[in-house]
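Participant: Give the three-dimensional model of this entry:
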Amino acid sequence: MTLLLNGEQIIGHRMKLTANLKIEADELGGQTSGTDKSHKGFKPKTLTVALTIPYKSLENLRTIMRLAEATA
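Facilitator: Numbers count the residues shown, from 1 in each chain. Presented below is the predicted three-dimensional model:
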């Protein structure tokens, strides 16, 4: 499998992707027993990628570490 990250190609095996969207809701019912809810504001999203890179693939390991340590 190949992961393309910021234009850098990372080759590995057993890629697993997990996406998550957290939706927070505010209660609109006040003192009543109603179930009205409001979805407000920014919805944080995460994408988690797991990829096995063999130790013999030194260039791929160096590239992924360089990208992980980058600040901009």
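Participant: For A68, give me phi and psi.
Facilitator: phi -70, psi -30 (degrees, to the nearest 10).
Participant: can you list the weak-confidence ranges in this protein?
Facilitator: Low-confidence segments of the chain (pLDDT under 70): 25-41, 72.
Participant: give me the element the residue positioned nearest the centre of it is part of.
Facilitator: With distances taken as CA atoms, centre = their mean, L47 lies nearest the centre of the chain, 1.6 Å away. Assessed by DSSP states H and E, L47 sits inside strand 45-52.
Participant: Adjacent strands (with direction) for that strand?
Facilitator: As defined by DSSP bridges, the strand partners of strand 45-52 come to strand 13-21 (antiparallel).
Participant: Same question for the strand it pairs with: list its buried residues.
Facilitator: If you call a residue buried by 16 or more other CB atoms under 10 Å, then strand 13-21 has no buried ones at all. Every residue, glycine included, has its C-beta placed from N, CA and C.
Participant: if I look at A19, how far off is A70?
Facilitator: A19 sits at a distance of 22 Å from A70 (criterion: CB to CB, to the nearest Å).
Participant: Report the contact partners of the residue nearest to the centre of the chain.
Facilitator: Listed by CB atoms under 8 Å, 6 or more residues apart in numbering, the contact partners of L47 are L17, T18, A19, N20.
Participant: ditto for L4
Facilitator: Contacts of L4 (CB under 8 Å, 6+ apart): I10.
Participant: In which helix or strand does it reside?
Facilitator: Judged by DSSP H and E, L4 forms part of strand 2-5.
Participant: Equivalent analysis for Q9, please.
Facilitator: Secondary structure assigned from DSSP H and E places Q9 in strand 8-11.
Participant: quick one: strands adjacent to that strand?
Facilitator: In its sheet, and by DSSP bridges, strand 8-11 pairs with strand 2-5 (antiparallel).
Participant: Please export the C-alpha coordinates of the partner strand as CSV.
Facilitator: Presented in CSV, the C-alpha positions along strand 2-5 are these (Å, rounded to 0.1, in the frame of the first residue of the first chain):
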residue,chain,number,x,y,z
THR,A,2,1.1,3.5,-0.6
LEU,A,3,0.4,6.6,1.6
LEU,A,4,0.8,10.0,0.0
LEU,A,5,1.3,12.6,2.7
